[in-house]
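Visitor: Quick one: sequence plus predicted model below, questions after.
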Amino acid sequence: MNFTGIYKTLSEGQSEGRLIVVTGPSGVGKGTLLQKLLERYPDRILFSISATTRLPRTGEEHGREYFFWSRAEFEQKRDDGEFLEWAEYAGNLYGTPRQAIDQAIALGRIVLLEIELAGARQVAQSFPSAKRIFIAPPSMLVLESRLRDRSTDSDEQIVKRLHHAELEIAAASEFDITIVNDDLEIALQQLESAMFD
């Protein structure tokens, strides 16, 4: 679709697209909230797909879970300013390509970007019109309980996650809105309201 087609679609009453950045501690329920939103609005909402230099895991496909690029390809795109944000973790590069997000927004889609605090801070610089939402736990005790209930982390990993969560929660004021995920349905309504206002 060319830009004339995009403008025509928008002028015929299609809602304006936007980028929504969602951040919060591990175990706070971001993924559950976003998945439920996607189920409610499959034609309006799109999850941003990140790029990485790590190898695909079994069952992963290029362009579905991630864009799997070589380090040279990733670095070239980074140097050309094609990422909203990027970082290096455990020897691999990860980033959010801008082009697909721009295209989806132009078509009136709401693009959800679930990301770590450092990435959200980069996006605030590279895409200042993005709405930034922080998902917070009702308390650190509840967060610890949720992390333990997942049974995916060792005690040592949980302690690290909780320490990291304290740093993230301290930065919640940097975001446009903070939603406390105490009751899933209420948090979902608040997230929905924040996204479509």
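Guide: Nice, I can see it.
Visitor: what's the single longest helix in the protein?
Guide: As assigned by DSSP state H, the longest helix anywhere in the chain is helix 155-170.
Visitor: mind listing what's buried in that helix?
Guide: For helix 155-170, the neighbour count (16 or more other CB atoms under 10 Å) marks 158, 161-162, 165, 168-169 as buried. From N, CA and C alone the C-beta is placed, and that goes for glycine too.
Visitor: separation between the residue nearest the centre of the chain and Arg121?
Guide: Against the mean C-alpha coordinate of the chain, by CA atoms, centre = their mean, the closest residue is Glu114 at 1.5 Å. Per CB to CB, to the nearest Å, Glu114 is found 15 Å from Arg121.
Visitor: Next: Ser145.
Guide: Ser145 sits 28 Å away from Arg121, going by CB to CB.
Visitor: Comparing the two, which residue is more hemmed in?
Guide: For the pair Ser145 and Arg121, the greater number of neighbours falls to Arg121 (16 against 13), based on other CB atoms under 10 Å.
Visitor: For the host helix or strand of that one, list every residue counted as buried.
Guide: Using DSSP states H and E, Arg121 falls within helix 117-126. Within helix 117-126, the residues scored as buried using 16+ other CB under 10 Å are 117, 119-124.
Visitor: need these in a markdown table with distance to Thr152, can you?
Guide: Below are the buried residues of helix 117-126 laid out as a markdown table (distance: CB to CB, whole Å):
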| residue | distance to Thr152 |
| --- | --- |
| Leu117 | 21 |
| Gly119 | 22 |
| Ala120 | 23 |
| Arg121 | 27 |
| Gln122 | 27 |
| Val123 | 27 |
| Ala124 | 30 |
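Visitor: mind putting those residues in TSV, pLDDT and distance to Glu192 included?
Guide: TSV is the format used below for the buried residues of helix 117-126 (pLDDT from 0 to 100; distance: CB to CB, whole Å):
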residue	pLDDT	distance to Glu192
Leu117	94	23
Gly119	93	23
Ala120	95	20
Arg121	96	25
Gln122	95	26
Val123	96	21
Ala124	95	23
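Visitor: Kindly indicate which of the buried residues of helix 155-170 lies nearest Leu107.
Guide: Nearest to Leu107 among those: Glu168, at 32.0 Å, using CB to CB.
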